[in-house]
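Student: Okay, predicted coordinates and the sequence, questions at the end:
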Protein chains: 4
Amino acid sequence: MVDGKTVPQRILAAALELFAEKGFESTSVQDVVVAAGVTKGAMYHYFDSKEDLLYEIYGRVLRMQMERLNEVVVQEGPVEDRLRAACADVVVTTANNLEGTTIFFRSLHQMSTEKQHGVRRERRRYHETFRGLIVEGQESGVFRGDVSAELCVDYFFGSVHHLPMWLKPTGRLTAEEVGRSFAELFIAGLVSR
Amino acid sequence: MVDGKTVPQRILAAALELFAEKGFESTSVQDVVVAAGVTKGAMYHYFDSKEDLLYEIYGRVLRMQMERLNEVVVQEGPVEDRLRAACADVVVTTANNLEGTTIFFRSLHQMSTEKQHGVRRERRRYHETFRGLIVEGQESGVFRGDVSAELCVDYFFGSVHHLPMWLKPTGRLTAEEVGRSFAELFIAGLVSR
Amino acid sequence: MVDGKTVPQRILAAALELFAEKGFESTSVQDVVVAAGVTKGAMYHYFDSKEDLLYEIYGRVLRMQMERLNEVVVQEGPVEDRLRAACADVVVTTANNLEGTTIFFRSLHQMSTEKQHGVRRERRRYHETFRGLIVEGQESGVFRGDVSAELCVDYFFGSVHHLPMWLKPTGRLTAEEVGRSFAELFIAGLVSR
Amino acid sequence: MVDGKTVPQRILAAALELFAEKGFESTSVQDVVVAAGVTKGAMYHYFDSKEDLLYEIYGRVLRMQMERLNEVVVQEGPVEDRLRAACADVVVTTANNLEGTTIFFRSLHQMSTEKQHGVRRERRRYHETFRGLIVEGQESGVFRGDVSAELCVDYFFGSVHHLPMWLKPTGRLTAEEVGRSFAELFIAGLVSR
DNA sequence: TATGAATGAGCTTTCATTCAT
DNA sequence: TATGAATGAAAGCTCATTCAT
C-alpha cells in the first residue's frame, strides 16, 4: 500500500486518467501499470483483462450516479422542485466525474456484448427513475404533455453527457452554476403555460 | 469504378461504416480494404494514413453541417422562427448522419493534435453562428438573458450530439419528429415570460 | 528466395527441426523465424498461426506415407510378399522422416480438436489400407486367424512409430536393415503353421 | 489429508491426469494446484519445480515396471514361457498406467538433460533385463539368431509404448487379451523353425 | 506447513506502413 | 494506378517462481 491506496486502487486510478486522456484502445496495459507504479503481473493478479479495468470504472460511475438520483427522488415537495434538484444534481455529479463520464460514452462499444448489456440495463433503470418524475409532472398537469417523457429524458441527458466535451474543471463556470442553468432551461421548456 | 463509386469513395464509405461500428482503433486497415474490395496498396495510394481516413470523414461531416446551418441562418423572419428552424434542421441532419456523428465524438481524440485543432476551430465557427442567433434574440428581448448564450449552445448541442446513442434509423420516431420536439423544448426554455 | 528455397519452405524446414528437437510448446515463434532467417511478420504473412506450422508438417508426413503405401499395395504377387514389402517400406519411409514422425506422435495433442480429427481420419485410412492386406492373408489361410487384424496393425505400427525414440540416422543400422528385420519378425509371427 | 491422500499425493495425481490430457507444457502450475485443491505455495513446499512433478511421475512409472519385470524374470520354466509372461505382463502393466506411459514418451524431452540421462539409464537397465531373456533363448537355440536381440527389444517395446495411442480403458479389449496377443505375435515371430 | 501477492521475462499475434515491381 | 510480400514495433496476456507473513 502506497499513499494510503491499495494496488488495485492505484491501478484503477491510473486507468481512469489514461483512458479519459488517450482513449481505451490507445492506452496500453504497459501505460497503465507504469502510471500506477506496479508491474503487469500485479495488474493481472487483480484484474482479468484490460477490459475488466474498463468495466470496473463503469461500475463505479453507474453506482455513484444511481445513488445520488435515488436520494433526490425520494425527497418531499412539488414535482417541479424535485426534478429541478435532480437535474442540477446530475450535472454536478457528472462534472465531478468528467473522466469517468468521458470514458463511459466514448468506450462503451469496446466492451464485450455481455458486459455492454449489463451496463445498458443499469443505465436504463437510471433513466426510468428520472422519467418517472417527468411522467408524474405530466399527469398532474404541471408539465406539458405534447412531448413524450422518454424523449425529454434523452434530450436532457444528451446535454449532461456531453459536459466532458466542453466543461473544464478549471474553467470560469462552476459545476453548480451549470447545474442551475441546465435545470432552469430544461424545466422552463417543460412546464405548461 | 464499381457501382458508380470511385475507389476512394468506396474506401471512405467502408471506413465510415466500420469506424462507427467497431471504433477507429479496433478497425484495421485490412478490415477497411477488404470491406471496400480494394488492396492495401490502393488505399495508401489515395490516403496518407489510417488517420487520414478519419480526417476525411470529419471534413465531410463538418462541411455538411455548416452548409445547412448557413442556409437556415440567412432566411427571413423572427429570430425565434429562425432558431427553431436551425434547431430542427441540425437534428435532422445529424439523424441522417448517425455514423458520421458517432465517429465524430468518439474518435476525435485519436487524431493528431494539429488536426484536432483544425476540427475544433471549424466546430467553433459552427457554434458561433448558432450562438449569434441566440444573442440576437436575447438583445431583442425575445429570449431570456439570465443564461449565457454560450451555455445555451452547449446545452442544446449536447442533446443533438448524443442522438447516435439512442436514436435508431429503424425506430418509432422519425428524425423530423425528434427535430420538432427538441426545437420546441429548447425554444420554450429560452423565451422570456 | 535463398538457397533455392522460398520463404515458407525455409520457415517450415526450421519449424520441423526445432519442433523435433525441443518440442512444439518449447519452441517459440521467435526461435523458428530466427532459424529460418526471416521476420515474424513474414511468418504470419504465410501462416495463420504457430499451430498452422504444425498442421503443415503433419500434412506432409501423412501425404508422403499414404503415397508410398498405395504404391506398394497395388503390386502383384502373394499377399505375404506384398505385406512384407509394405512393412519394410514404411520403416524406411519413417526412418527417412524421423523428425516428422517425432513431431507427429509427440505433438498431436497440441492441435485444435478439429485439426486432430482431420489428421486422425487420414491416419485411419492409412491403417485401413494396411489392415486390408492382413485380412486378405487371413482369409486365404496364409496368416493366422486367432488375432484380430486390427490388433496386428496396432502391434506393428507401434514398433514403427517408436523408431524415432531409438533409431539414429548416424547409427550402426541402416533404415533398410531395420525394415527387413521388422518385416521378418512381423510376418513370421503372423503366418499360419 | 483428504480422501486418505496426502497433499503431495493429491498434487501428483492431479499432475498425472493433466499432463496426460493436455501435455506438460500446456498445463500450468495453476491448473495443477486447482485440480489438486491446494495452493501454489503448498506445491512449491513439496516440489522444487514443475519439472520436479514430471520427474516424480517418471520415477513411479519406472519403478513399477522394473519391479514387475524382475518378478517375472526370476521365475522357473523354459525361456519361451518366461519371455511370454514378461511380454504379457508389461502390456498389462502399461495398460493399467496409460496416463503415466503417455507422459513418459511425450514429455521426456521437456526434462533437463541431467534428469533425462537418469531416466534413460534406468530405462536401459529395464531393456537389458528383457534383452537377457531373448539372448538366453537365442543361445539355447529356441529363438532365431538372425535378428539382433537388441532390435527385437526395440521392436516389441515400440508396440507396448504405443498402447496409449489407441487402447482405451473402456474399449472392447481387456489389457490381458492384448497382452496375450502381443506376446503370442512376438514369440511366434521369434522362435526358430 | 501453508498462503497469495508480486515479479519479470517471455509468449503469440496484430498492425500500420513501406517498397520493389 | 495498383499489388502484396515483408517489416519491426508493440500489443495483451501467461506463467513458473519467490518471499514476507
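Tutor: That came in fine, so what should we check first? Fair warning: this is a prediction, and the values are worked out from it, not measured in the lab.

Student: Can you find the helix or strand of chain A with the lowest average pLDDT?
Tutor: helix A:50-73 (a mean of 89; mean pLDDT, DSSP states H and E).

Student: That one vs DNA strand F: in contact?
Tutor: Yes - Helix A:50-73 reaches DNA strand F (C-beta under 7 Å from any atom of the strand) through A:50-51. The C-beta positions use only the backbone N, C-alpha and C, and glycine is treated the same way.

Student: How about the next helix-or-strand element following that helix and chain B, any contact?
Tutor: Tracing the chain past helix A:50-73, the next element assigned as helix or strand by DSSP states H and E is helix A:79-95. No - Helix A:79-95 lies apart from chain B when judged by C-beta under 8 Å from any C-beta of the partner chain; the minimum separation is 10.1 Å.

Student: follow-up on the earlier one: residues of the least confident helix or strand of chain A that come out buried?
Tutor: If you call a residue buried by 16 or more other C-beta atoms under 10 Å in any protein chain shown, then helix A:50-73 has these buried ones: A:50, A:52-58, A:61-62, A:65, A:68-69, A:72.

Student: nearest to C:N96, of those?
Tutor: Checking the buried residues of helix A:50-73 against C:N96 by C-beta to C-beta gives A:K50 as the nearest, at 48.8 Å.

Student: ok, for that closest one, nearest residue in space, not its chain neighbours?
Tutor: Once its chain neighbours are removed from consideration, A:K50 has its nearest residue in A:V29; the separation is 5.4 Å (C-beta to C-beta, 6 or more residues apart in numbering or on different chains).

Student: same check, this time on A:L185
Tutor: With C-beta to C-beta, 6+ apart as the measure, B:G189 is the residue that lies nearest to A:L185, at 4.2 Å, once sequence neighbours are left out.

Student: Show me what the host helix or strand of that neighbour is in contact with.
Tutor: Following DSSP H and E, one finds B:G189 within helix B:175-190. Where contact means C-beta atoms under 8 Å, 6 or more residues apart in numbering or on different chains, the residues beyond helix B:175-190 that reach it are A:144, A:146-148, A:151-152, A:155, A:184-190, B:80, B:83-85, B:87-92, B:95-96, B:134, B:137, B:143-144, B:152, B:155-156, B:159-160, B:163, B:167.

Student: same question, stretch A:16-31
Tutor: The set of residues external to stretch A:16-31 that reach it, using C-beta under 8 Å, 6+ apart, is A:15, A:32, A:35, A:40, A:43, A:50, A:53-54, A:57, A:98-100, A:102-103, A:106-107, A:110, A:164, B:23-26, B:109-110.

Student: Filter the residues you listed down to the buried ones and hand me the ChimeraX line.
Tutor: For selection in ChimeraX, the members of those meeting the burial criterion (16+ other C-beta under 10 Å) are listed in this command:
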select /A:15,32,35,43,50,53,54,57,98,99,100,102,103,106,107,110,164 /B:23,24,109,110
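
Student: which ones among the contacts of stretch A:16-31 are found in helices?
Tutor: Secondary structure of these is defined by DSSP state H; positions in helices are A:15, A:32, A:35, A:40, A:43, A:50, A:53-54, A:57, A:98-100, A:102-103, A:106-107, A:164.

Student: Low-confidence bits of chain A, can you list those?
Tutor: Across chain A, residues meeting the criterion (pLDDT under 70) sit at A:1-4.

Student: switch the cut-off to 80
Tutor: With pLDDT under 80 as the threshold, chain A has low-confidence stretches at A:1-4, A:193.

Student: Pick out the residue nearest the middle of it.
Tutor: A:T101 (4.8 Å; C-alpha atoms, centre = their mean).

Student: Surely that one and A:V61 touch.
Tutor: Yes - under the criterion of C-beta atoms under 8 Å, A:T101 is in contact with A:V61, at a separation of 6.7 Å.

Student: Enumerate the residues of chain A near DNA strand E.
Tutor: That would be A:7, A:38-42, A:44-46, which are the residues of chain A within reach of DNA strand E (C-beta under 7 Å from any atom of the strand).

Student: and these, which are buried?
Tutor: When those are checked against 16+ other C-beta under 10 Å, the ones flagged as buried are A:7, A:38, A:42, A:46.
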